[in-house]
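Chemist: Build me a model from this:
(chains A and B)
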2 protein chains.
Amino acid sequence: MAETLTSDYKKLLEKEKELAVLQSAESIVNWDMETMMPPKAINLRSQQLSLLSVINHKMSIDSEKGKLLDKIMRHLKYDELPGVQKRNVYLMKKHYDEQTKLPEQLVAEIAKQEALTTDIWKKAKATKNFSMFKPQLEKLVELKKKSAEILMKVKETRTPYDALIDIYEPKMTTTEITRVFTELKHGLGSLLRKCVTSSEQPNMKILRRKVPIETQRKFARALAEFVGYDVTSKEAGGRIDETEHPFTTGYYDDVRITTHYFEHFFTSSLFSVLHEAGHALYEQNLKHEWMYQPVGNSVSMGFHESQSRMVENIIGRSRVFWTYFLPKLKLIAGNDFSDLELESFVHAINQVEPSKIRVEADEVTYCLHIMIRFNLERDLFEDKITVKELPELWNQSYEEYLGVKIQNDSEGMMQDTHWASGLYGYFPSYALGNIYSGQLLEAMQKKLPNWQTQLTKGDFKNIKNWLVQNVHSQGNLYDAPELIKKISGKELNVEPYLNYLNEKYSKFYSF
Amino acid sequence: MAETLTSDYKKLLEKEKELAVLQSAESIVNWDMETMMPPKAINLRSQQLSLLSVINHKMSIDSEKGKLLDKIMRHLKYDELPGVQKRNVYLMKKHYDEQTKLPEQLVAEIAKQEALTTDIWKKAKATKNFSMFKPQLEKLVELKKKSAEILMKVKETRTPYDALIDIYEPKMTTTEITRVFTELKHGLGSLLRKCVTSSEQPNMKILRRKVPIETQRKFARALAEFVGYDVTSKEAGGRIDETEHPFTTGYYDDVRITTHYFEHFFTSSLFSVLHEAGHALYEQNLKHEWMYQPVGNSVSMGFHESQSRMVENIIGRSRVFWTYFLPKLKLIAGNDFSDLELESFVHAINQVEPSKIRVEADEVTYCLHIMIRFNLERDLFEDKITVKELPELWNQSYEEYLGVKIQNDSEGMMQDTHWASGLYGYFPSYALGNIYSGQLLEAMQKKLPNWQTQLTKGDFKNIKNWLVQNVHSQGNLYDAPELIKKISGKELNVEPYLNYLNEKYSKFYSF
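Modeler: Numbers count the residues shown, from 1 in each chain, chains lettered A, B, ... in the order given. Predicted coordinates:
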């Protein structure tokens, strides 16, 4: 009997492995499209990606898989399986149910509408024309509501929107997010007022020098190597390339990041490399013995973001890091950087200033951008507002949360691709990532009280090991709410993040 | 009735399209492995490639395909189908039969043995140790004989070896190859003697200057653009990267070449770029309306090689081409090239010298290397010789054909990867490519008597158009023997190629 269980489990894992391998191949084809592909190839490429996703879907809904899952879960000895194996079965079952319960026709309709809406969004954004975008967006939201209602039943969530959140942040809910965002808004608002009214403002001019792209490439490699993301050695499992928008992609031994070098804005690539390297470290340091298994994946988008934000901001924008690294930067850049001075540099890279564009936001205002999106998404999916009202509500929120006046919808609700691409329920993860990073910092501080001194000396080893041990190597063994409690001893809460921000920014802005 | 035929044909083409799209995606994953992949990813990559080939095989032997083929071919109106459609059906039927008649177990065994033998070959070559290579090679040859015997029945060829040749050069036979190779050997042998005994020998020192890789990259782009292989514009459908061994890969709008830059041997990349660009032009100029159809492919490996050799040698090593292009090269290289003089340069790049290594051979000796391999393969598959005897027979042949003494098997029968990789029947294509290129030149000369004058002025347009019209855009509509007759009016024959060589080399070597 137990042998049947073991052999069925093995068969199931074999099928799962095929899926993981296929997805990793898809990610290479996708990466190539963004980085290397000759422009003429775009139509052929969309055929390739569409075929691969059809094959992926067929493999995902393989009825053989369903039968094996049933057999295993009904087996008398099922409960005696080790935790990792039960978690694998749980994750496979969850994925299988989601994939099989959504009607294929709806999935295809959504994919088509997403492509269409994204295409129209690009044009509408370029011409600041919301009315061009609106009808397609309305269609997409309707289709997404349908799928959310189906997913709600499969996932047994309270609302359809919760079912969407669960895709990116399993077991997270609107109620929970609303709770922490309310506290966060209060804290950030108060902090923001102190920063902008302070007389101690940074000198931003020092960042506006011209830095040759080749020099910036050297910065990027040096930063990557510093945090332990190897892109140059014979054993390298990563590489850095250039794209319009930075991203990380890959799996275990092949994890690649991209960045964008601006000749007159060198700090942009510094921090995007640190950010993506944070993501890359997570993927590279998943447990090797779990490769090709569902547990051999990250926990959630929010946890992924906690790793990128931790490396980019908590480490990468800290005074202690630059105490060590600014001299390195100067060595690479040569004379052009001789005037850069630690204190003014660190304040400049931590400037707080309300802005209209999320991706350019600083640590203090970033989550406020996210809250605006979350509120609107939630209300949209709860039928409290309509697509038509989005621009006006967006602009009102920006005035309320950030005190900025939106001039047109291209710098307003059309700035991000997410809604055009059907990524509803995704935005909260960004803010959750910051909140997690605060709790992780607090926990790390207890275990590594000297981490700042170590960093000043250029020693990142212990910090990295702590992240690997507590986050990366845990894979997808626990859902995020459980993992954050295991690591920090506490439920999700914004206090550590707000404490971190207050301590840091009170120094820069003297309050 | 006719509607059934049409709809069945469409269904079949849909399936064929999936296969073509999948193969093009596989080629991207393969290209990435050779050019971009971080070294650590090799195991994951072999999993990806193996999965994609399993999916490819499943799609190839889809029984639905077999049923559609049967229905179509038995249809009363089948004979009334247009020629292109019948050719498509013929090619699909041929591929399907070959794929389904080979037992899966044998296919898997061969794939495994090929990987194993290639691995051992690398080690054996590095240590000059044939006895290490021998047992694995013997196993592979035995398996290949088994599959050749099965293929012989499917393809209805005279011998098993003919069935292998047919994979790369459909409808070509041992008898035909033996006939033309006998004539070619005679002609080349006599030509070779005249060259090596001439007192007019080129000054090879002029090519041994140091040329920065960045300069060589510029040469490469300039050469590519010259022949109409676009790698830089916004509409580019190609790119040039760097690998140990140059190759071309891709499909229609995404055709990529690679080269290898040697700092002290700049002509190596010049001619490898021209060679691969010749291949690339073929793939890029297949008829777009045939994309995803079997006719939307090249005719054969030999015809492919005719295109690369034509661009590399007939065009690329001609005095007229360099009359125009040497000044361009000098412009790119600057002062370092000021001493280069047309006559001595053109003679140096056309040096004739018997050598041990095929890939370094000149135009006069190249086919002699191929004949040696062909004779040995043929005798091996006709059970006239054994694997054990290969090294000695190889060395005897090199003495006889080229007058060179092989010191060890790494510069002898272990120099090429083909036999370790299971590519039996492939070698003849290389020589056939040269023979075809001679016939193509003769035919082109009739239509474009001024091609040399045009080339001197830097005008490649008419030559390219002639190639596109006569070769590239014909796709796989005819098998090679038929196509060469259509273009040149004659059966396969070595005379034009020998005439071309005699005329060219009599000038350099004054005979």
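
Chemist: Which helix or which strand is home to the residue nearest to the spatial centre of chain A?
Modeler: By C-alpha atoms, centre = their mean, the mean C-alpha position of chain A lies nearest to residue A:305, the distance being 4.0 Å. Secondary structure assignment for residue A:305, by DSSP states H and E: helix A:301-309.

Chemist: Please compute how far that helix lies from its chain's middle.
Modeler: Chain-centre distance of helix A:301-309: 5 Å, with C-alpha atoms, centre = their mean, to the nearest Å.

Chemist: Next secondary structure element downstream of that helix?
Modeler: Using DSSP H and E, the next helix or strand after helix A:301-309 towards the C-terminus is helix A:319-333.

Chemist: Report all helices and strands that the helix or strand just after that next one contacts.
Modeler: Downstream of helix A:319-333, the next assigned helix or strand under DSSP H and E is helix A:342-348. Secondary-structure packing of helix A:342-348 (3 or more C-beta pairs under 8 Å, 6 or more residues apart in numbering or on different chains; DSSP states H and E): helix A:319-333. In this view, the C-beta of every residue, glycine as well, is placed from N, C-alpha and C.

Chemist: CA atoms only: put the helix it packs on into PDB for me.
Modeler: The C-alpha coordinates for helix A:319-333 follow below in PDB (Å, rounded to 0.1, in the frame of the first residue of the first chain):
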ATOM      1  CA  ARG A 319      25.000  55.000   5.000                       C
ATOM      2  CA  VAL A 320      26.900  52.000   6.200                       C
ATOM      3  CA  PHE A 321      26.900  50.400   2.800                       C
ATOM      4  CA  TRP A 322      28.200  53.500   1.100                       C
ATOM      5  CA  THR A 323      30.800  54.000   3.700                       C
ATOM      6  CA  TYR A 324      32.400  50.900   2.200                       C
ATOM      7  CA  PHE A 325      31.200  51.100  -1.400                       C
ATOM      8  CA  LEU A 326      31.600  54.800  -2.300                       C
ATOM      9  CA  PRO A 327      35.400  54.400  -2.400                       C
ATOM     10  CA  LYS A 328      34.900  51.400  -4.700                       C
ATOM     11  CA  LEU A 329      32.700  53.400  -7.000                       C
ATOM     12  CA  LYS A 330      35.300  56.200  -7.100                       C
ATOM     13  CA  LEU A 331      38.000  53.700  -7.900                       C
ATOM     14  CA  ILE A 332      36.000  52.500 -10.900                       C
ATOM     15  CA  ALA A 333      34.900  55.900 -12.100                       C
END
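
Chemist: shaky segments in chain A?
Modeler: A:1 (pLDDT under 70).

Chemist: Contact residues of it facing chain B?
Modeler: A:18, A:21-22, A:24-25, A:28-29, A:32, A:36-41, A:43-45, A:47-48, A:51-52, A:55, A:231, A:234-239, A:251-254, A:256 (C-beta under 8 Å from any C-beta of the partner chain).

Chemist: From these, list the buried ones, please.
Modeler: A:18, A:21-22, A:24-25, A:28-29, A:32, A:36-38, A:40-41, A:44-45, A:47-48, A:51-52, A:55, A:231, A:236-239, A:251-254, A:256 (16 or more other C-beta atoms under 10 Å in any protein chain shown).

Chemist: a helix runs through residue A:405, doesn't it?
Modeler: No. The assignment for residue A:405 is coil, going by DSSP: H, G, I helix; E, B strand; the rest coil, so no helix is present there.

Chemist: who touches it in this structure?
Modeler: Residue A:405 makes contact with A:395, A:398-399, according to C-beta atoms under 8 Å, 6 or more residues apart in numbering or on different chains.

Chemist: And stretch A:349-364, what's buried?
Modeler: Result for stretch A:349-364 [16+ other C-beta under 10 Å]: buried residues A:349-356, A:358, A:361-364.

Chemist: and which of these is nearest to residue B:107?
Modeler: Within the buried residues of stretch A:349-364, proximity to residue B:107 (C-beta to C-beta) peaks at residue A:358, which comes in at 52.7 Å.

Chemist: just the strands in chain A please.
Modeler: A:238-242, A:248-251, A:254-259 (DSSP state E).

Chemist: what are the pairing partners of the second one, and which direction each?
Modeler: By that I understand strand A:248-251. strand A:254-259 (antiparallel) (DSSP bridges).

Chemist: what does the strand it pairs with contact?
Modeler: Counting by C-beta under 8 Å, 6+ apart, residues outside strand A:254-259 touching it are A:24, A:28, A:31, A:34-35, A:220, A:224, A:229, A:237-243, A:246-250, A:269, A:272-273, A:276-277, A:279-280, A:283-284, B:37-38, B:40-41, B:44-45.

Chemist: and the gap between residue A:283 and chain B?
Modeler: Distance of residue A:283 to chain B, given as C-beta to the nearest C-beta, to the nearest Å: 12 Å.

Chemist: contacting residues around that residue?
Modeler: A:248, A:250-252, A:255, A:298.

Chemist: re the thing from before, would you turn the strands of chain A into JSON lines with distance to residue B:142?
Modeler: Output for the strands of chain A, formatted as JSON lines (distance: least, C-beta to C-beta, whole Å):
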{"stretch": "strand A:238-242", "distance to residue B:142": "42"}
{"stretch": "strand A:248-251", "distance to residue B:142": "38"}
{"stretch": "strand A:254-259", "distance to residue B:142": "36"}
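
Chemist: Out of the ones you listed, flag the one nearest residue A:147.
Modeler: Residue A:147 lies closest, by C-beta to C-beta, to one member of the strands of chain A: strand A:248-251, at 24.9 Å.
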